[in-house]
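Visitor: here is the input, now give the coordinates:
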Amino acid sequence: MTMNTQPVRRPSSDELLNTNLLGPPRRMAWPHMRLPRRVKDRLTGQTFFAIATAPLILVAVMVITLARRAWPILAIVSLEELVFGHLWQPLKGAFGFYPFILGTVWVTGIAMTLAVPPALLCAIYLAEYARPATRLVAKPVLDLLASIPSVVYGVWGVVAIVPWVQRVIAPLLSRWLGFLPLFQATNPTGFGLLSGGIVLAVMVAPFIIAVTYEVICAVPAGVREASLAIGATQWQTIRHVLLPHTIPGILASVVLGASRALGETMAVLMVVGNVAQVPKSIFDAAYPLPALIANNYGEMLSIPLYDAALLGAAFILLLIVMIFNLASRLALRQITAREVGKR
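Guide: Below you'll find the predicted structure:
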C-alpha cells in the first residue's frame, strides 16, 4: 500500500475567513465609512468657515449696535456737525467731537513718530547684528513690556514722564524752538500731548519690534548670502536687499501699532490732561475720544442725549479705526504690487 507523500497544503487566510472555523465571514468596514467621513469633512469645513466669519459678524454687530444706540443724537444733529463741531457743552445740548478727534490724532501721531524709528532699528539690530545671547535676553524683555497692563504705564507716566516733561523737556524745547507754534510751552503742568505720546510710544514699540523682527528673520538666508557674495557690506545688504523684501511686513507692524495707539485709553487718560480744546502745541493738554468715553460713560446720563452722544463718540472712533485700517491695507497692497513689479 503506497502512501501519499505530497505535503499537506494549509488553507490561506482568505479561505479561513470564508469558513466557519473563525466564525461568520467578516465584511470590510471601509466602504461603509466613506459616507461618515465625507459628512465629517463637510462639518469640519463648515465649522472652520463659521469660526473664520465670526470676526466679521462681530464687527458688523458692533457697528449696528453702536449706530442704533447713537441714533437719537444722529437723528437731531448731523454727523458732519458732530465731527466738526468745536463746542462740547452737554448741559446746553452742544456735542462737538472735533477737539476729541484731534486729540486722538495728535497723541497717536506723536506716539508713532517717537516709536517707529527706534523700534525698526531695534528689530534690525536683533535680527542682523545681535549675538544669540543678546537675543536670548532681549526677546523676553520685549515680551514683558508688551504684557504690562496699561494702568501701570499710566502710573509710570504720572510719576516719571510728566515731571520730566514739565521740568526738562518743555523748558528746553520752548527755549530753542519756541519760535515755532508746535513747541510753545503754555501749559505749566506737564500733563499734555507729549507726555501721552511718550507713554504710548513705549507701549506700542514692543509690538512693532516683535513683528518687524519676525518679518526680517523670514527672509531666506540665500538672499543675504547672494548679496554678501558679490561684495556688499552687511549694511548695504540690509538697506538694498532686506528692507525692500520686508517693506509690506514692516508697514503691517506699524499699522498694528497705530491701531493699538488709536484705541488706548487708561494710560493716555492719566497723563494727557483731559481738556476739551483744539491743541496747537505738543505741550497742550488734550482729550482723546477713548478718554472721553471712559471718563464720562455711566455718569450724568440723566442729561438728554448724553448717553447717545458718548455712544456716538464710540461709533466715530470705530469708524476712524476701520477707515485707517482700510486705507493702510490699500496702500500696503499697492506697495506690494510695486515691489513685485520691480522684481
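
Visitor: per-residue pLDDT of Gln236, please?
Guide: The confidence metric pLDDT takes the value 91 at Gln236.

Visitor: for it, list the residues it contacts.
Guide: Ser227 (CB atoms under 8 Å, 6 or more residues apart in numbering). Heads up, the C-betas are built off the backbone N, CA and C, glycines and all.

Visitor: how many other residues sit next to Asn296?
Guide: 16 (other CB atoms under 10 Å).

Visitor: ok, it touching Ala309?
Guide: No - with contact defined as CB atoms under 8 Å, Asn296 does not count as touching Ala309 (9.1 Å).

Visitor: list residues touching both of the two?
Guide: Counting by CB under 8 Å, 6+ apart, nothing touches both Asn296 and Ala309.

Visitor: in the stretch 1-150 of the chain, what residue spans correspond to helices?
Guide: 13-17, 30-74, 79-84, 98-124, 132-147, 150-156 (DSSP state H, counting those that start in this stretch).

Visitor: so of the ones you listed, which one's packed in deepest?
Guide: Greatest average neighbour count among the helices of the stretch 1-150 of the chain goes to helix 98-124 (a mean of 21), per mean count of other CB atoms under 10 Å.

Visitor: give the rounded mean pLDDT of that helix.
Guide: 95.

Visitor: got the angle for it vs helix 132-147?
Guide: With axes from the mean of the first three to the mean of the last three CA atoms, to 10 degrees as the basis, helix 98-124 and helix 132-147 are set at 160 degrees to each other.

Visitor: shaky segments in the stretch 101-250 of the chain?
Guide: By pLDDT under 70, the stretch 101-250 of the chain has no low-scoring segment.

Visitor: residue contacts, the residue positioned nearest the centre of the chain?
Guide: Most central in the chain under CA atoms, centre = their mean is Leu256, positioned 3.2 Å from the mean C-alpha point. Leu256 sits next to 207-208, 211 when contact means CB under 8 Å, 6+ apart.

Visitor: now do the SS call for Asp284.
Guide: coil (DSSP: H, G, I helix; E, B strand; the rest coil).

Visitor: do you know how far it is from Phe191?
Guide: Asp284 is 10 Å from Phe191, where distance means CB to CB, to the nearest Å.

Visitor: identify the contacts common to those two.
Guide: Joint contacts of Asp284 and Phe191 (CB under 8 Å, 6+ apart) are Gly273.

Visitor: in this structure Leu91 contacts Pro304, no?
Guide: No - with contact defined as CB under 8 Å, Leu91 and Pro304 do not form a contacting pair (9.8 Å).

Visitor: looking at these two, which is more packed in?
Guide: More neighbours surround Pro304 than the other of Leu91 and Pro304, with 14 against 9 (other CB under 10 Å).

Visitor: and the more buried one, helix, strand or coil?
Guide: Three-state assignment for Pro304 (three-state DSSP): coil.

Visitor: can you tell me which residues contact it?
Guide: Gly93.

Visitor: got it, and the one 4 residues further on?
Guide: Remark: with contacts taken as CB under 8 Å, 6+ apart, Ala308 is in contact with 69-74.

Visitor: 7 Å instead?
Guide: Shown in contact with Ala308 (CB atoms under 7 Å, 6 or more residues apart in numbering): 69-70, 72-73.

Visitor: assign it to helix, strand or coil.
Guide: helix.

Visitor: all helices of the stretch 151-300 of the chain, in order?
Guide: Using DSSP H, counting those that start in this stretch, helices in the stretch 151-300 of the chain cover 162-164, 170-177, 193-217, 221-229, 234-237, 243-263, 266-271, 289-296.

Visitor: between those, which gets nearest to Ala115?
Guide: Ala115 sits nearest to helix 193-217 of all the helices of the stretch 151-300 of the chain, at 3.8 Å, using CB to CB.

Visitor: which elements pack onto the closest one?
Guide: helix 98-124, helix 132-147, helix 150-156, helix 243-263, helix 266-271 (3 or more CB pairs under 7 Å, 6 or more residues apart in numbering; DSSP states H and E).

Visitor: quick check: which of those is nearest to Lys40?
Guide: helix 243-263 (35.7 Å).

Visitor: the closest one to helix 193-217, inter-axis angle?
Guide: 140 degrees.

Visitor: got the CA coordinates for helix 243-263 in CSV?
Guide: Extracted in CSV, the C-alpha atoms of helix 243-263 (Å, rounded to 0.1, in the frame of the first residue of the first chain):
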residue,chain,number,x,y,z
LEU,A,243,14.3,96.2,3.6
PRO,A,244,12.8,96.1,0.1
HIS,A,245,11.8,92.5,0.7
THR,A,246,10.3,93.3,4.1
ILE,A,247,8.5,96.7,3.4
PRO,A,248,5.0,95.1,3.4
GLY,A,249,5.6,93.3,6.7
ILE,A,250,7.2,96.4,8.3
LEU,A,251,4.2,98.6,7.3
ALA,A,252,1.9,95.9,8.7
SER,A,253,3.7,96.2,12.0
VAL,A,254,3.4,100.0,12.0
VAL,A,255,-0.3,99.7,11.2
LEU,A,256,-0.7,97.3,14.1
GLY,A,257,1.0,99.7,16.5
ALA,A,258,-1.0,102.6,15.3
SER,A,259,-4.3,100.7,15.7
ARG,A,260,-3.3,99.9,19.2
ALA,A,261,-2.4,103.5,19.9
LEU,A,262,-5.7,104.8,18.5
GLY,A,263,-7.7,102.8,21.0
